[in-house]
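1. I need the structure of the sequence given here:
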Amino acid sequence: MAKSRSVFVCQQCGAESPKWMGRCNSCGEWNSLVEQKVAGTPRHAFYTEDRIHAVPESLDKILPDKVERIDLGNKEFNRVLGGGLVPGSVVLIGGEPGIGKSTLALQVALQADRDTLYVSGEESPQQLKLRAERLAKGNGRCRVLAETNLQAILSHLETDRPRLLIIDSIQTLSSGEIESAPGTVSQVRECAVHLLRVAKELHLPVILIGHITKDGSLAGPKVLEHIVDTVLQFE
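-> So this is what the prediction gives:
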């Protein structure tokens, strides 16, 4: 395994620098660069570059796929998404604490007629069970996983192959390849990038729950919004 290397990451915009600077060259913020260790070589199967077999194609010869949107069992949610969830897409739902993001996500997991994995980094399976009973809805195809380690989650995806993945929340996840606390810019970006890659590779629709900061923006500044396919603000 390759040795880890040090990079300095701006906690405001996520820009990286090989050395410390008092002012970020990207966003201009002062004293925002923090040193973090990054592993030289990824260890999980979904991380390896040899899994990527993309080759250039002529645009004229590409046949458009017929997109069959996924009915989430919620008419208003389906409407906001243009008729349902697109396979392989990553949707980020942001909102203030207690506004109902987790309840909406669990309702989707219970109503969607497909094998669903609900990953919770904030509640235990017992707490999720109580919430599900209050919703008075059941789905024998919905499984819950209390986990915050990205590599463990990827292992479950590789073996179980669910057809819908819900992460609650992206700020609680952490990758062993990054030596920083969960919720930092580097961790949020690392976890989101690899979940996006897996979503495209497996045509797996993913719903991410995201917290917002005091000024009303999604935590992780603009890094997370630039990675996902769709951003929904829950108000």
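2. how near is residue 7 to residue 150?
-> Taking Cβ to Cβ, to the nearest Å as the measure, residue 7 falls 18 Å from residue 150. From N, CA and C alone the C-beta is placed, and that goes for glycine too.
3. Looking at those two, which has the bigger crowd around it?
-> Comparing residue 7 with residue 150 by other Cβ atoms under 10 Å, the one with more neighbours is residue 150, at 25 against 17.
4. Tell me if I'm right that that one and residue 194 touch.
-> Yes: with contact defined as Cβ atoms under 8 Å, residue 150 reaches residue 194; the gap is 6.6 Å.
5. what touches both of the two?
-> Among the neighbours of residue 150, those also in contact with residue 194 (Cβ atoms under 8 Å, 6 or more residues apart in numbering) are residue 175.
6. Show the residue spans covered by the strands in the chain.
-> Remark: strands of the chain, listed N- to C-terminal, are 5-10, 16-17, 33-38, 90-95, 116-120, 142-146, 164-168, 206-211, 230-234; assignment by DSSP state E.
7. Pick out the shakiest of those, pLDDT-wise.
-> Between the strands of the chain, the one with the least mean pLDDT is strand 33-38; it has a mean of 80.
8. now for the lowest-mean-pLDDT helix or strand in the chain, which elements pack on it?
-> Within the chain, no helix or strand scores below strand 33-38, which has a mean of 80 by mean pLDDT, DSSP states H and E. Contacts of strand 33-38 with other secondary structure elements, assessed using 3 or more Cβ pairs under 8 Å, 6 or more residues apart in numbering; DSSP states H and E, are made with strand 5-10.
9. Given the strand it packs on, what are its sheet partners and their directions?
-> Paired neighbours of strand 5-10 in the sheet (DSSP bridges): strand 16-17 (antiparallel), strand 33-38 (antiparallel).
10. Can I get it in CSV, CA atoms only?
-> Listed next in CSV are the C-alpha coordinates belonging to strand 5-10 (Å, rounded to 0.1, in the frame of the first residue of the first chain):
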residue,chain,number,x,y,z
ARG,A,5,0.6,12.2,1.7
SER,A,6,-0.3,15.5,3.2
VAL,A,7,-2.5,18.1,1.6
PHE,A,8,-3.9,21.4,2.8
VAL,A,9,-7.6,21.7,2.3
CYS,A,10,-9.6,24.9,2.5
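11. when you give positions from now on, start the count at 5
-> Will do, 5 is the new start, and the previous item becomes strand 9-14.
12. quick check, distance from that strand to the centre of its chain.
-> Mean C-alpha position of strand 9-14 versus that of the full chain (Cα atoms, centre = their mean, to the nearest Å) differs by 22 Å.
13. try stretch 22-42
-> On the basis of Cα atoms, centre = their mean, stretch 22-42 is displaced by 25 Å from the centre of the chain it belongs to.
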